[in-house]
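**Student:** Have a look at this prediction, sequence included:
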Amino acid sequence: MNRIALITGATSGIGLSTAKAFANNNIDLIICGRNEQKLQEIQQELSQKVKVIALCFNVSKNAEVVNSIGSLSDEWKNIDILINCAGNAHGLSSIENGDIADWDLMMDINVKGLLYVSRAIMPLMVERKSGHIVNISSVAGKYTYQNGAVYCASKKAVEAISEGMRLDLTQHGIRITNIAPGAVETNFSLVRFKGDKERADKVYEGFEPIKPEDVADAILYAINAPANVTIADIVLYAAAQAAPTTIYRK
């Protein structure tokens, strides 16, 4: 019987690459996102390989989270793997000039959304005495950089939550992995710069960034570790990257 994984943020970037990697490794999928059409397209594609169901909800709305996960059949509630991948970055400015709406979006999705989804699923894992939760933080959660204070704070919160989950849930046979990617080429910068493609493209100029598939490989490695091993924390940098804002460009 295949394992079941629930992936938030599954319609793009790391989440989508992880869904594809899991499908290639015979892991049944619950793909989650806010774009219903994209979810249906991914479901149709990956259903050629494994069982897939799609849940359309906003992770930052707890009622939507509870209702969507509560709608799962008993079979699909046997979630073996939770990938908390939904996240965002909005704006790049000094803190005194920060946009409060941007702050709310980052905290609501990166922190509260992760908590809401986890809260809905953790009791199911505790009851079964098994499970694996993978939280996607960032190198920004390890090293604060200028003009990114609130985004960095949201990712530091993910790091702390991962540690707290491990302390609380290890006794129930649940493994916790925190993965902190560096410069990954996704729509991350396009969102941060409000759709300014020219500015977003410059972020990845002059070096080869991490690909979403590279992060998916790390996730796959962690969830396939032997039963006596927990991969607690993984940091991924591009080969040309030495720190969050230190990149050696050609």
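**Tutor:** In hand now; what should we look at?

**Student:** which residues of this structure fall in strands?
**Tutor:** Assigned by DSSP state E, the strands in the chain fall at 4-7, 28-33, 52-56, 81-84, 131-136, 174-181, 233-236, 241-243, 246-247.

**Student:** Let's have these in a markdown table, adding mean neighbour count.
**Tutor:** The way it works is simple: take the backbone N, C-alpha and C, and place the C-beta from them, glycine included. Shown next, in a markdown table, are the strands of the chain (neighbours: other CB atoms under 10 Å):
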| stretch | mean neighbour count |
| --- | --- |
| strand 4-7 | 25 |
| strand 28-33 | 26 |
| strand 52-56 | 20 |
| strand 81-84 | 27 |
| strand 131-136 | 25 |
| strand 174-181 | 24 |
| strand 233-236 | 17 |
| strand 241-243 | 14 |
| strand 246-247 | 16 |
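
**Student:** In JSON lines, list those strands along with distance to residue 92.
**Tutor:** Converted to JSON lines, the strands of the chain look like this (distance: least, CB to CB, whole Å):
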{"stretch": "strand 4-7", "distance to residue 92": "27"}
{"stretch": "strand 28-33", "distance to residue 92": "25"}
{"stretch": "strand 52-56", "distance to residue 92": "30"}
{"stretch": "strand 81-84", "distance to residue 92": "24"}
{"stretch": "strand 131-136", "distance to residue 92": "20"}
{"stretch": "strand 174-181", "distance to residue 92": "18"}
{"stretch": "strand 233-236", "distance to residue 92": "21"}
{"stretch": "strand 241-243", "distance to residue 92": "17"}
{"stretch": "strand 246-247", "distance to residue 92": "15"}
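
**Student:** quick one: the residue nearest the centre of the chain from residue 233, how far?
**Tutor:** The chain has residue 85 as the residue nearest its centroid, 1.4 Å off, counting by CA atoms, centre = their mean. Using CB to CB, to the nearest Å, residue 85 is found at 16 Å from residue 233.

**Student:** Can you say which of the strands of the chain is nearest to residue 194?
**Tutor:** Smallest distance to residue 194 across those (CB to CB): 20.5 Å, for strand 28-33.

**Student:** what lines up beside the closest one in the sheet?
**Tutor:** Counting by DSSP bridges, the strands paired with strand 28-33 are strand 4-7 (parallel), strand 52-56 (parallel).

**Student:** Figure out which of the ones you listed is closest to residue 177.
**Tutor:** Nearest to residue 177, of all these, is strand 4-7, at 12.9 Å by CB to CB.

**Student:** Name the residues that touch the closest one?
**Tutor:** Residues outside strand 4-7 that contact it (CB atoms under 8 Å, 6 or more residues apart in numbering): 15, 18-19, 22, 27-32, 69, 76, 78-83, 85, 117, 121, 223.

**Student:** Contact partners for residue 221?
**Tutor:** residue 231.

**Student:** Tell me the spacing between it and residue 231.
**Tutor:** 7 Å.

**Student:** Which helix runs longest in the protein?
**Tutor:** The single longest helix within the chain, with elements called by DSSP state H, is helix 149-169.

**Student:** and that helix with strand 174-181, angle?
**Tutor:** If you take axes from the mean of the first three to the mean of the last three CA atoms, to 10 degrees, helix 149-169 sits at 160 degrees to strand 174-181.
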